[in-house]
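**Student:** Attaching a predicted model along with its sequence, questions to come.
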Amino acid sequence: MTPIVQVGLDTPLDRLFDYSAGEAAADLAPGRLVEVPFGRTRQVGVVLGSLAETAVDGIKLRTILRVLDDRPALAPEVLRLARFCADYYHYPLGAVLLATLPPRLKNATPYLADTPWLVVTALGRAEGPAPRARAQHALLEALREAPQARAYLRAIKQGRHAAALVAAGWAEWTRLPPEAEPPPEGPRPAPATAEQQAALDVLLPTLGEFAVHLVHGVTGSGKTELYLRVIDAVLAAGRQALVLIPEIALTPQLEGHFRARFPGRRFATLHSGLAEAARTENWLAAADCDVLLGTRLAVFAPLPRLGLIVVDEEHDTSFKQQDGLRYSARDVAIARGKQAGVPVLLGSATPSLESYAQARSGRYRLLELRQRAIAAARLPEIELVDLRHVPQENGLTAPALAALHATLARGEQSLVFLNRRGYAPALYCPSCAWVSPCPHCSARLVLHRGAQRLKCHHCGFETRIPSACPDCGEPDLKPLGQGTQRVEETLATHLPGARIRRIDRDTMRPRAWAELGTAVHGGEVDVLVGTQMLAKGHDFPNVTLALILDTDGALYSPDFRATERLFAQLMQVAGRAGRAEKPGRVLIQTAFPDHPLFRHLQRHDYAAYARELLAERKQLELPPYTRQILVRAEATTMDAALAFLRRAAALAPDAPGVSVFAATPAPMARVAKLERAQLLIQSPSRAALQAFVRDWRPRLETIRPRPARWSLDVDPLVF
DNA sequence: AGCACGCCGACT
DNA sequence: GTCGGCGTGCTC
């Protein structure tokens, strides 16, 4: 019972704060949430340890105001994971902890647990009220059949009887929704394919130990089925499964799929689309559930019986948080799996290069599913349309239009992929070459015809479409290039009568996916035009043509990850064509048909492409695997941003094996009125990099003047 | 990050 | 005479 506790607080200061425990000393185990005075404010913090005496001298320690005993203490495994993140991402421990907590538990207002369901207890099954207490008796009978909702009981005026049953210990309130009725037997899962069985033979005997398995499975090879079978074994052993997916909005059917497969199991979901109250409730419920399905933030949920982590579509960049604590849920999942001693399954048809390299080197185990589970499903033919020789009109070539016509005539569906929303990527003045610059960014304003506005897709700036060139007064401004709106318009004129649906951020509301799925499955759509949103999400079995327009920007981008992303997107779009018995066709318009990417794409051979990229980078004599830290600074002038980074570099400690590169403007140099520059630190050794930053970070905090924003971003990287 | 303290320009 | 601009410093 020491009088001093160390508390983690949500502040950028990378240290813990000592408080005198006061009268609460007995109740201050690590993980406990407390309210403390901090500066002129009060804050919620997390108790992380206790001391006999403080190392801070010269100040009188302040006292804990209150222990927040209306919520559970953070479990030791969550604290441990937070410590890893603080260390790995060089982010203050207190800030990590508060960032991972659901919203309602972060403030000191008393938390009233929402317990909307009344369920029978074991005691209530064995005994009950005397038959004379007829109302209570009837209610308990009903509870033995199924849990009852509080709102319903209130509506039928059973609240008092419910309270009486709870008081007697025959029933209790719970926050978990009742177990669903076992759904009618769905189609029985097909027997495991030989490949699935081979993977299971590797996975099932090693469930109790940490290992990372990279499941590389082509579209339709039954990755999900493999997850389900492993999860089944984990649940049977009484453990919990955590399933991470990139975006819940794109997979509305997935939760139903899981529930149907494991009737009677307790499910919880966790993602930022949930209302605050629901998110907090589900976070609390996660500790008791069997399967937790969620987006990146779910990786921090309390799971005391964790037995398996699945990261589906592991290459997806949504797993990386882009601000604040810049964590990658895929990497945190691996750290968590290691801490908990449980296997981690990374699954993808197009694994990220860093995961693939780990698998090649033997640190991860590679499980390949090469065959499509549905035997009839053939991989589509991929043809290139050479834009150097074939003319295009409004972004479409004659072969592309012919293919669309033919598909439409057969009553089949087509998918047109163009990674640019809006009508045209810029508005152009033919007399003075003005091209609609964004006043806040280094990007171009995109023409949106429907909304009659110019919009910046980087900072959100919007303005009316000018009636004449702002520079020279020329009234006849032209749209430059193609966006999805314009392609939709062009297609409508070439395919009269075709039912065309555009799928991009402008047309898709969060709940619209289910409706779209029904419309496409029901044959109410002939042509889908859209951005990368089309590459993810639903399977559309009657799509037999995929048309890919304008990929060339990413082919020779200086950002080599743009090429990797493009390959993954193209594989996914190609995988959408011809999944049924009908042969599919993929047409790609490009001015660079000789690019090696297409050679591998035409063979549907992602692995060969990945191996070639790895070999290429090896030839450049780059270390095969490295970690980089980007220090980003944003200031009102580029000079200020660069000045900060130059001083930062000057304060860098000498460390063997760590390279500090010059500060440069960031690729998107100007965002929302702030100039952005970055400094690159690289090392193949995590330990060296960690020691370097530990030494360096306090010095960074002393640099004055400070830019408007600065941050450290850690990324594993493969060369 | 917040939040206050602290000295210099244009306003009721 | 003061309202408020953002530079600087502090938070157990």
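**Tutor:** On my side now, so go ahead. Numbers count the residues shown, from 1 in each chain, chains lettered A, B, ... in the order given.

**Student:** what secondary structure does the closest residue to DNA strand B within the stretch 551-700 of chain A sit in?
**Tutor:** DNA strand B sits closest to A:E634 of the stretch 551-700 of chain A, with a gap of 10.2 Å, by C-beta to the nearest atom of the strand. Heads up, the C-betas are built off the backbone N, CA and C, glycines and all. A:E634 carries the three-state label strand when classified by DSSP: H, G, I helix; E, B strand; the rest coil.

**Student:** these two touch, right, it and A:R706?
**Tutor:** No. Contact between A:E634 and A:R706 fails when scored by C-beta atoms under 8 Å: they sit 10.8 Å apart.

**Student:** Tell me which of these two has more neighbours.
**Tutor:** Set A:E634 next to A:R706 and count neighbours by other C-beta atoms under 10 Å: A:E634 wins out with 22 against 14.

**Student:** any idea how far stretch A:328-347 is from the chain center?
**Tutor:** 15 Å (C-alpha atoms, centre = their mean, to the nearest Å).

**Student:** Next, the distance between the ends of it.
**Tutor:** Start-to-end span of stretch A:328-347 (C-alpha to C-alpha, to the nearest Å) is 15 Å.

**Student:** Now it: average pLDDT?
**Tutor:** Summarised as a single mean, pLDDT over stretch A:328-347 is 98.

**Student:** residues of it that come out buried?
**Tutor:** A:328-337, A:340, A:342-347 (16 or more other C-beta atoms under 10 Å).

**Student:** got it, and stretch A:467-482?
**Tutor:** Using 16+ other C-beta under 10 Å as the test for burial, stretch A:467-482 gives A:C469, A:L477, A:P479, A:L480, A:G481, A:Q482.

**Student:** Please flag which of those sit within strands.
**Tutor:** Members of the buried residues of stretch A:467-482 lying in strands (criterion: DSSP state E): A:P479, A:L480.

**Student:** Now tabulate the buried residues of stretch A:467-482 in CSV and tack on pLDDT and distance to DNA strand B.
**Tutor:** Conversion of the buried residues of stretch A:467-482 to CSV gives the following (pLDDT from 0 to 100; distance: C-beta to the nearest atom of the strand, whole Å):
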residue, pLDDT, distance to DNA strand B
A:C469, 95, 34
A:L477, 95, 38
A:P479, 95, 40
A:L480, 94, 38
A:G481, 93, 38
A:Q482, 95, 40
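
**Student:** From the buried residues of stretch A:467-482, pick the one nearest A:Q240.
**Tutor:** Comparing the buried residues of stretch A:467-482 against A:Q240 with C-beta to C-beta places A:Q482 closest, at 47.9 Å.

**Student:** I'd assumed A:G395 was in contact with the closest one.
**Tutor:** Yes. If you go by C-beta under 8 Å, A:Q482 and A:G395 touch, sitting 3.6 Å apart.

**Student:** so what sits against both of those two?
**Tutor:** Shared contacts of A:Q482 and A:G395 (C-beta atoms under 8 Å, 6 or more residues apart in numbering): A:L418, A:L549, A:D550.

**Student:** Does A:A233 lie in a helix or a strand, and which?
**Tutor:** Secondary structure from DSSP states H and E places A:A233 in helix A:223-236.

**Student:** tell me which residues in that helix are buried?
**Tutor:** Under the neighbour-count criterion of 16+ other C-beta under 10 Å, helix A:223-236 has A:223-235 buried.

**Student:** can you tell me which two in these are farthest apart?
**Tutor:** A:K223 and A:L235 (18.6 Å).

**Student:** So among the shared contacts of A:Q482 and A:G395, where is pLDDT lowest?
**Tutor:** A:D550 (84).

**Student:** Which of the three states applies to it?
**Tutor:** Taking three-state DSSP as the rule, one finds A:D550 in the coil state.

**Student:** Report the separation between it and A:N419.
**Tutor:** A:D550 sits at a distance of 7 Å from A:N419 (criterion: C-beta to C-beta, to the nearest Å).

**Student:** Same question for A:R410.
**Tutor:** 27 Å.

**Student:** biggest helix in chain A, by residue count?
**Tutor:** helix A:560-576 (DSSP state H).

**Student:** counting contacts, what elements does the helix or strand following it pack onto?
**Tutor:** The helix or strand immediately downstream of helix A:560-576 is strand A:585-590, counting by DSSP H and E. Contact partners of strand A:585-590 among helices and strands, from 3 or more C-beta pairs under 8 Å, 6 or more residues apart in numbering; DSSP states H and E: strand A:381-386, helix A:398-409, strand A:543-548, helix A:560-576, helix A:596-602.

**Student:** Tell me if I'm right that A:R83 and A:L93 touch.
**Tutor:** Yes. With contacts counted by C-beta under 8 Å, A:R83 reaches A:L93, the gap being 6.5 Å.

**Student:** These two - which one has more neighbours?
**Tutor:** Neighbours per residue (other C-beta under 10 Å) separate A:R83 from A:L93, with A:L93 holding more: 21 against 15.
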